[in-house]
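Engineer: Below are the sequence and a predicted model; questions follow.
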Amino acid sequence: MPPSSGTLGTSSTVVLDAGDISRALTRITHEIIEKNRGASQVVVLGIPTRGVELGRRVAERMSEVDGHPVPYGSLDITMYRDDLRLKPARALERTDIPVDLDDRVVVLVDDVLFSGRTIRAALDALNDLGRPRAVQLAVLVDRGHRELPIRADFVGKNLPTSLAEQVKVTVSGVDERDEVRIVSAARTVPGEGA
């Protein structure tokens, strides 16, 4: 009997569990400290939503390792997005800049690096807030498919994906658990006469 027309459900694969995420953040922490020869001039800013929680974890680990308190906050990029006219506006998130950014090293933290457009918006937002000595980017997952010439300085996991797949990050403190999944979109199965 030939298959009937219809949509198959989505498939989902866990690619990072809580332990993997913790190890990735610890590695990123040490790489940031090494690259900057310490953490005394570093400010960590998470990009809402999940980047804020990941940034908090990185800053706390940096403080423990380096022995200096590392200021961290959040940077809402909503009003700097280049797709505002294409999509309904999302609710504004909180921007919390804990110290003067002038002449500091700002480490932006996000969950997934994809097209690069979110980071471009973050750079525009930073431009209105001060003049950091340097801006670095830490991401939990880099999935490729860049549309802009942006790359991460610190990456938890390079995860080559197809455009038909989605990378779903959940982070405890925002979600139920720490986890990264690849979700494959539903596909249509052709039936008789298709």
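Structural biologist: On my side now, so go ahead.

Engineer: How about Leu140, nearest residue that isn't a chain neighbour?
Structural biologist: Spatial nearest neighbour of Leu140, excluding adjacent residues (Cβ to Cβ, 6 or more residues apart in numbering): Gly156 at 4.3 Å. C-betas here are computed from N, CA, C, even on glycine.

Engineer: Now do the same for that neighbour: helix, strand or coil?
Structural biologist: Here Gly156 is recorded as strand under DSSP: H, G, I helix; E, B strand; the rest coil.

Engineer: Touching, it and Thr29? I think so.
Structural biologist: No. Look at Gly156 against Thr29 with Cβ atoms under 8 Å: they stay out of range, at 10.7 Å.

Engineer: if you average pLDDT over stretch 58-66, what comes out?
Structural biologist: Summarised as a single mean, pLDDT over stretch 58-66 is 97.

Engineer: and if you look at stretch 157-173?
Structural biologist: When pLDDT is averaged over stretch 157-173, the result is 95.

Engineer: ends of that stretch, how far apart?
Structural biologist: 21 Å (Cα to Cα, to the nearest Å).

Engineer: Now do the buried residues in that stretch.
Structural biologist: For stretch 157-173, the neighbour count (16 or more other Cβ atoms under 10 Å) marks Lys157, Leu159, Thr161, Glu165, Gln166, Val167, Lys168, Val169, Thr170, Val171 as buried.

Engineer: quick one: which of those sit in strands?
Structural biologist: Counted as lying in strands by DSSP state E, out of these, are Lys157, Glu165, Gln166, Val167, Lys168, Val169, Thr170.

Engineer: and of those residues, the nearest to Leu75?
Structural biologist: Nearest to Leu75, judged by Cβ to Cβ, of these is Val169 at 17.8 Å.
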